[in-house]
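Chemist: Next comes the sequence, and after it the predicted model I'd like to discuss.
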There are 4 protein chains.
Amino acid sequence: MDYPLSYVAHVRVNYFDTDRMGVVWHGNYIKYFETAREELFRSLGMPYSELEKSGVMMPIVDLAAEYRKSAFYDDVLAIEVTVPEPPRARICVEYVVRDGAGDVCATGHTTLAFIDATTRRPCRPPREMR
Amino acid sequence: MDYPLSYVAHVRVNYFDTDRMGVVWHGNYIKYFETAREELFRSLGMPYSELEKSGVMMPIVDLAAEYRKSAFYDDVLAIEVTVPEPPRARICVEYVVRDGAGDVCATGHTTLAFIDATTRRPCRPPREMR
Amino acid sequence: MDYPLSYVAHVRVNYFDTDRMGVVWHGNYIKYFETAREELFRSLGMPYSELEKSGVMMPIVDLAAEYRKSAFYDDVLAIEVTVPEPPRARICVEYVVRDGAGDVCATGHTTLAFIDATTRRPCRPPREMR
Amino acid sequence: MDYPLSYVAHVRVNYFDTDRMGVVWHGNYIKYFETAREELFRSLGMPYSELEKSGVMMPIVDLAAEYRKSAFYDDVLAIEVTVPEPPRARICVEYVVRDGAGDVCATGHTTLAFIDATTRRPCRPPREMR
């Protein structure tokens, strides 16, 4: 697999994603990150659902997000997701969320661990990711 | 156990419960119903977490809600939850949500089944509920 | 506009849509209903975002859902949404959610009112819907 | 007002907060942070709802979270929230989430800006916070 891995996912902002400020509630970007991350792995033929079936779970170890511009109801957001380098004990994933004008609404990153689903102990990344 | 069972739970409306219309997004009342239902069972010494440990799961079979008045950010809502009669194969639970002025914001009901957690087949209600 | 109106929207079940029972949490179907309803109106050239800009809001008056079969993480659900007849003071919308095997996971309906966004009083449905 | 400000809020983990891994979905901690932050300001006589009425909005500029131990359904979590120093253009808020055993499940921080609700431009923090 050739690193960096990258993918652009698109999500439309739902009514229920907004809050009374009239914009996307900040915590919902974490959902957009997850959706984009899963689409990246699916696009590479390694859907996360298959990883779990093979006995590997990938819990989030840390996350961060920076907010630059509000996103609004009905916007179609482009979430660019990148894995800069092959995982060792953990895997870093980066995100840039842009609105229809191409402006950056938010950036972020998450770190995920690899856990054996049975023992719930750390394990090596799946061979396909190395 | 003496039927009807009833309880009044209180929840404060979070910012993230609202939508861009400035009111609680209608789907979030389903969360308030669930919180109130669980507090009812907890108040009776049968927390749902214990039921699950004893091998019984209670999936939702159907639900309904009627909306009468908007609820707003920071409102403290009173959710009156009632189980009118002992469960047979299923259990009916009713809800009335009132705001601080005592006005009814929404009413609803849910029907839940009893499922054996291992076989995922219908089972009898726990003895304590009969 | 020729009634009944209908549309089939597709949503993929996210990890965050599931609960510890391992299936889609029942309240999340309300989100699927909303997404499908909005895609229906968008497909007819009347996105709800445009309706709101034109001064009409459509709050939910009531909803109901029946659950028949669990849906799982990573399932692609087909949500068939139907408006059986032209709206009068209110509009009824019906939903059938099927999984990849074509099995019905849930059915439901919502009733929506038409409200003048400025006065927040009931108003007539938009001309395009009649 | 004497800095640091601090408060401990308690939240019970709902069924709908969990995911199919059987633990609290990581994004839901952002909700716990928000709930705790709002309880802190309410405890100081400055509920955020009043701030908004006075014309000040506090959007999130950035956030971070680290996850150390899973939290489970029905756990009562203690969220310790701290504002280490008086706000200037922005305000930093820190969080530590502990479970019933006193173990740290997660830590985090958020930075919030002060925005004039009318102009949506940066403004000074409210006098009461200084």
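Modeler: Yep, that arrived.
Chemist: Please say whether there is contact between the longest helix along chain A and chain B.
Modeler: Scanning chain A for the helix with the most residues, using DSSP state H, yields helix A:29-43. No - with Cβ under 8 Å from any Cβ of the partner chain as the measure, helix A:29-43 is seen stopping short of chain B, the closest distance being 11.7 Å. C-beta coordinates here come from the backbone N, C-alpha and C atoms, glycine included.
Chemist: Contacts for that helix, please.
Modeler: A:5-9, A:11, A:17, A:47-48, A:51, A:63, A:65, A:67, A:77, A:79-81, A:83, A:93, A:95, A:97, A:106, A:108, A:110, C:14-16, D:26-27, D:30 (Cβ atoms under 8 Å, 6 or more residues apart in numbering or on different chains).
Chemist: roughly how far out does it sit from the chain middle?
Modeler: 4 Å (Cα atoms, centre = their mean, to the nearest Å).
Chemist: list the buried ones in that helix?
Modeler: Going by neighbour count (16 or more other Cβ atoms under 10 Å in any protein chain shown), the buried part of helix A:29-43 is A:29-42.
Chemist: just to revisit the earlier point, can you say which of the contacts of helix A:29-43 are buried?
Modeler: Counted by 16+ other Cβ under 10 Å, the contacts of helix A:29-43 give A:5, A:7, A:9, A:11, A:17, A:48, A:51, A:63, A:65, A:67, A:77, A:79-81, A:83, A:93, A:95, A:97, A:106, A:108, A:110, C:14-16, D:26-27, D:30 as buried.
Chemist: Now do the helices in chain A.
Modeler: Going by DSSP H, chain A shows helices at A:29-43, A:48-53.
Chemist: Surely A:Arg90 touches A:Ile60?
Modeler: No - at 10.3 Å, A:Arg90 and A:Ile60 do not qualify as touching, with contact defined as Cβ atoms under 8 Å.
Chemist: Chain C contacts on chain A?
Modeler: A:Asn14, A:Tyr15, A:Phe16, A:Lys31, A:Glu34, A:Thr35, A:Glu38, A:Pro47, A:Tyr48, A:Ser49, A:Tyr73, A:Asp74.
Chemist: so A:Asp19 makes contact with B:Met21?
Modeler: No - using Cβ under 8 Å, A:Asp19 is not in contact with B:Met21, being 10.4 Å away.
Chemist: who's sitting farthest from the centroid in chain A?
Modeler: Within chain A, the residue lying farthest from the chain centre (Cα atoms, centre = their mean) is A:Arg20, at 25.7 Å.
Chemist: residue contacts, the closest residue to that one other than its chain neighbours?
Modeler: Nearest-residue entry for A:Arg20: B:Thr18, 4.0 Å, with adjacent residues in sequence omitted and distances by Cβ to Cβ, 6 or more residues apart in numbering or on different chains. Residues near B:Thr18 by Cβ under 8 Å, 6+ apart: A:Asp19, A:Arg20, B:Val24, B:Trp25, B:Phe72, B:Tyr73.
Chemist: Render the CA-only coordinates of stretch A:49-61 in PDB, please.
Modeler: What follows is stretch A:49-61 as a C-alpha-only set of coordinates in PDB (Å, rounded to 0.1, in the frame of the first residue of the first chain):
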ATOM      1  CA  SER A  49     -16.400  -3.900   9.200                       C
ATOM      2  CA  GLU A  50     -14.100  -6.500   7.700                       C
ATOM      3  CA  LEU A  51     -11.300  -5.600  10.000                       C
ATOM      4  CA  GLU A  52     -13.500  -6.100  13.000                       C
ATOM      5  CA  LYS A  53     -14.600  -9.500  11.600                       C
ATOM      6  CA  SER A  54     -11.000 -10.400  11.300                       C
ATOM      7  CA  GLY A  55     -10.600  -9.700  15.000                       C
ATOM      8  CA  VAL A  56      -9.000  -6.200  15.000                       C
ATOM      9  CA  MET A  57     -10.700  -3.200  16.600                       C
ATOM     10  CA  MET A  58      -9.400   0.400  16.200                       C
ATOM     11  CA  PRO A  59     -10.400   2.600  19.200                       C
ATOM     12  CA  ILE A  60      -9.700   6.300  19.100                       C
ATOM     13  CA  VAL A  61      -6.700   7.300  21.300                       C
END
